[in-house]
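Participant: Following is a predicted model, sequence given first.
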Protein chains: 2
Amino acid sequence: MTLADGVLAGDPRAMARAISLIEDEDPAGAELVRAIFGKTGRAYLVGVTGPPGAGKSTLVDRLITEIRNGTGAVPYSVGVIAVDPTSPFSGGAVLGDRLRMQAHAADEGVFIRSMATRGHLGGLARATGDAALVLDAAGKDIIIIETVGVGQDEVDIIRTADVSIVTLVPGTGDDVQALKAGIMEIADIFIVNKADREGADRLASTIESNLSLQAYGEADWRPPILKTVATSGQGVPEVVEAIWRFREHATRTQAARRRTRSEYRLRELVSTRFMDHLEREVLGEGELASVVDRVAARELDPYTAANDLLKRALR
Amino acid sequence: MTLADGVLAGDPRAMARAISLIEDEDPAGAELVRAIFGKTGRAYLVGVTGPPGAGKSTLVDRLITEIRNGTGAVPYSVGVIAVDPTSPFSGGAVLGDRLRMQAHAADEGVFIRSMATRGHLGGLARATGDAALVLDAAGKDIIIIETVGVGQDEVDIIRTADVSIVTLVPGTGDDVQALKAGIMEIADIFIVNKADREGADRLASTIESNLSLQAYGEADWRPPILKTVATSGQGVPEVVEAIWRFREHATRTQAARRRTRSEYRLRELVSTRFMDHLEREVLGEGELASVVDRVAARELDPYTAANDLLKRALR
């Protein structure tokens, strides 16, 4: 059985192996995505983000349980990709991953995986996207992508999900800063987690008043603000309900976002492949390094250097 | 007088205009960077990051004051680039910018600018780097780059600064999460801000015990953990001292980081220029869009599509 067959059959070991290949940027990972790509597009992508300490991991655990205990005839299966923010030197923590898996270890309908890809620009977004394709091809109905941080890549990952959930937490005393941090606009659903803490109502009102600055039409989705206490599970069923409501509502949005996802991936792939071509086929050994040295020494400006390199590749 | 002349003369209006061009990805911005590049490389880059709500803006304001009141014969001039994390729809807040400038409005040795660039991959890092070049060419001695968030781009911006400062804050109850978030490894200096709050000592010890897991040699720089109350200025002189000490210590590190910065910029530029070439010169109107549509419709996988596009550009 090939790895692609294993993934398509939903074999967890094949899925884990496939995601490792993707994470390592192994060419076999690209081969695999190519092989399974036609069988993807069925899963529903739920993006969850928010600042560190917002309790996203616990919340996602509760969401899994809630979705798995759902009222449908056959419960949805769930895949989770927890994007451990770029740990530029260590490569990120896998321990948390294992701990989290234990809670759902007996449940074959759940697959959880952390990713800590780094490297060149866009690497994280691509790896996350490809890992989601693996879970999709493996038949997971709902794929939750969880990111810490509010960086550009993370925002791009979340805002191109089918539904984008932003989790905030009261009591940091800087609620407005968190909102300022560019995550206001990407939320389809707001969660005020740790809502048993002081300041939860104030945070919810701040979000509410920020929302009221925007013009929503009759038919527009107005992001609900839901209060949760993820540690106890309070409010989590309402989050899952809101996800389903958004899913019903936003079919047009979904098509547009899926297209944007495809465009991001395609652009990133083309430029990465071009850089590989340039380094391996066009330039001699160490040649790029010596151009970098000249730029670092201010002998050559980066724009002229880039144009020269491009010309050589294209001639 | 050309814009480049204005920048080199340190004219604030020319600097502001130059950074706007860069932010808008106007070709004139690239021209400008090309013109001033040879006059850059003199400024010292201080990167400040940390989660939202860590009080970075206030801290940076205090750092400016402290540096400007420095004991040198001629006080250092300071430029600040506050990277307002990608506000993907609105384009970010400029209001805060103006408010912050007021505190230093009378001081010609200070220039503050927010950036909220978004758009394609790597755009933020490039724009920030180019804006830093403008301030550098304009003669600013110290350039502070402040980012909110712990995303990949932001981490890359900060970790390639000459000195990387990570600001944390006690009392979120999730100190370990903040540390886990990949920022542990990039810090040359840790700041526990809002140190008058409960939990400041605990947070400092947590950082300390995380540091002790790492092997530092005799000659290695061991990141100091400094407590500040930015609102009152407490502890800020010690931060500036630590910056000078690091600067003295890490001359080798500095060369390596500057080279890495050059390499990032070069790679990003080459791939961006290649994509422009592909879209404008190689493909017909709407052709890329139709490839994206086919990928979105699962008729074509992104890897095959990328290879096809690359082949067309290179033939």
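Facilitator: Thanks, I have the structure now.

Participant: lowest-pLDDT helix or strand in chain A?
Facilitator: Ranked by mean pLDDT, DSSP states H and E, the helix or strand of chain A with the weakest confidence is helix A:175-180, at a mean of 52.

Participant: how about whichever helix or strand comes after that one: buried residues?
Facilitator: As assigned by DSSP states H and E, the chain's next helix or strand after helix A:175-180 is strand A:189-192. Residues of strand A:189-192 classed as buried: A:Ile189, A:Phe190, A:Ile191, A:Val192 (neighbour count, 16 or more other CB atoms under 10 Å in any protein chain shown). In this view, the C-beta of every residue, glycine as well, is placed from N, C-alpha and C.

Participant: likewise stretch A:39-56?
Facilitator: For stretch A:39-56, by 16+ other CB under 10 Å, it's A:39-40, A:43-56.

Participant: Which members of these occur in strands, if any?
Facilitator: Counted as lying in strands by DSSP state E, out of the buried residues of stretch A:39-56, are A:Tyr44, A:Leu45, A:Val46, A:Gly47, A:Val48, A:Thr49.

Participant: Tell me the one of those residues nearest A:Ala219?
Facilitator: Minimum distance to A:Ala219 across those is 21.4 Å, recorded for A:Tyr44 (CB to CB).

Participant: just the buried residues of stretch A:39-56 that are near chain B?
Facilitator: A:Thr40, A:Pro51, A:Pro52, A:Gly53, A:Gly55 (CB under 8 Å from any CB of the partner chain).

Participant: Straight-line length of stretch A:211-225, end to end?
Facilitator: 10 Å (CA to CA, to the nearest Å).

Participant: so does that stretch get close to chain B?
Facilitator: No - residues of stretch A:211-225 contacting chain B under CB under 8 Å from any CB: none, with a closest distance of 9.4 Å.

Participant: helix or strand right after the helix or strand harbouring A:Thr206?
Facilitator: For A:Thr206, the host element (DSSP H and E) is helix A:200-212. Going down the chain from helix A:200-212, the next helix or strand is strand A:225-227, by DSSP H and E.

Participant: which strands and helices sit next to that next one?
Facilitator: strand A:189-192, helix A:200-212, helix A:236-249 (3 or more CB pairs under 8 Å, 6 or more residues apart in numbering or on different chains; DSSP states H and E).

Participant: okay, those, which one's buried deepest?
Facilitator: strand A:189-192 (a mean of 26; mean count of other CB atoms under 10 Å in any protein chain shown).

Participant: contacting residues around the closest residue to A:Gln234 other than its chain neighbours?
Facilitator: In space, and not counting its chain neighbours, A:Gln234 is closest to A:Thr228: 6.2 Å by CB to CB, 6 or more residues apart in numbering or on different chains. Residues counted as contacts of A:Thr228 (CB atoms under 8 Å, 6 or more residues apart in numbering or on different chains) are A:Leu59, A:Arg62, A:Ile191, A:Val192, A:Asn193, A:Ala195, A:Gln234, A:Gly235, A:Val236, A:Glu238, A:Val239.

Participant: ok, now how distant is the second one from B:Val295?
Facilitator: Same thing as A:Arg62. For A:Arg62, the distance to B:Val295 (CB to CB, to the nearest Å) stands at 34 Å.

Participant: The third one too?
Facilitator: Counting by CB to CB, the gap from A:Ile191 to B:Val295 is 32 Å.

Participant: Domain parsing of chain A, as residue ranges.
Facilitator: A:40-253, A:267-314 (automatic domain parsing).

Participant: Just say which of those domains is most tucked in.
Facilitator: domain A:40-253 (a mean of 20).

Participant: ends of it, how far apart?
Facilitator: With CA to CA as the measure, what separates the two termini of domain A:40-253 is 19 Å.

Participant: Can you get me the centre-to-centre distance for it and its chain?
Facilitator: 9 Å (CA atoms, centre = their mean, to the nearest Å).

Participant: ok so, going back, may I see the helices and strands packed on strand A:225-227 organised as TSV, with mean pLDDT added?
Facilitator: Below are the helices and strands packed on strand A:225-227 laid out as TSV (pLDDT from 0 to 100):
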stretch	mean pLDDT
strand A:189-192	94
helix A:200-212	87
helix A:236-249	95
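
Participant: Output stretch A:263-273 in PDB, but only the C-alpha positions, please.
Facilitator: Taking Å, rounded to 0.1, in the frame of the first residue of the first chain, the C-alpha atoms of stretch A:263-273 are listed here in PDB:
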ATOM      1  CA  GLU A 263      -4.000  31.200  -4.900                       C
ATOM      2  CA  TYR A 264      -1.700  31.600  -1.900                       C
ATOM      3  CA  ARG A 265      -0.500  28.100  -2.200                       C
ATOM      4  CA  LEU A 266       0.100  28.400  -5.900                       C
ATOM      5  CA  ARG A 267       2.100  31.600  -5.600                       C
ATOM      6  CA  GLU A 268       4.200  30.400  -2.800                       C
ATOM      7  CA  LEU A 269       5.000  27.200  -4.600                       C
ATOM      8  CA  VAL A 270       5.900  28.900  -7.900                       C
ATOM      9  CA  SER A 271       8.300  31.300  -6.200                       C
ATOM     10  CA  THR A 272       9.800  28.600  -4.000                       C
ATOM     11  CA  ARG A 273      10.400  26.400  -7.000                       C
END
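
Participant: now what about that stretch, what contacts it?
Facilitator: So stretch A:263-273 is in contact with A:120, A:122, A:125-126, A:129-130, A:156, A:160, B:120-121, B:271-272, B:274-275, B:278, B:291-292, B:295-296, B:302-303, B:305-307, B:309-310, going by CB under 8 Å, 6+ apart.

Participant: ok, now with 6 Å
Facilitator: For stretch A:263-273, the surrounding residues in contact (CB atoms under 6 Å, 6 or more residues apart in numbering or on different chains) are A:Gly122, A:Arg126, A:Gly129, B:Ser271, B:Met275, B:Val292, B:Val295, B:Pro302, B:Ala305, B:Ala306, B:Leu309, B:Leu310.

Participant: which ones among the residues you listed are found in helices?
Facilitator: Those of the contacts of stretch A:263-273 mapping onto helices are A:Arg126, A:Gly129, B:Ser271, B:Met275, B:Val292, B:Val295, B:Pro302, B:Ala305, B:Ala306, B:Leu309, B:Leu310, per DSSP state H.

Participant: pLDDT weak spots in the stretch 1-150 of chain A?
Facilitator: A:52, A:71-73, A:84-102, A:116-123, A:148-150 (pLDDT under 70).

Participant: at 80 instead, please
Facilitator: The stretch 1-150 of chain A contains residues with pLDDT under 80 at A:50-53, A:70-74, A:84-106, A:115-125, A:148-150.

Participant: residue contacts, the residue nearest to A:Ala35 when sequence neighbours are not counted?
Facilitator: Distances taken as CB to CB, 6+ apart put A:Ala4 closest to A:Ala35, at 3.9 Å, once the chain neighbours are dropped. A:Ala4 makes contact with A:Leu32, A:Ala35, A:Ile36, according to CB under 6 Å, 6+ apart.
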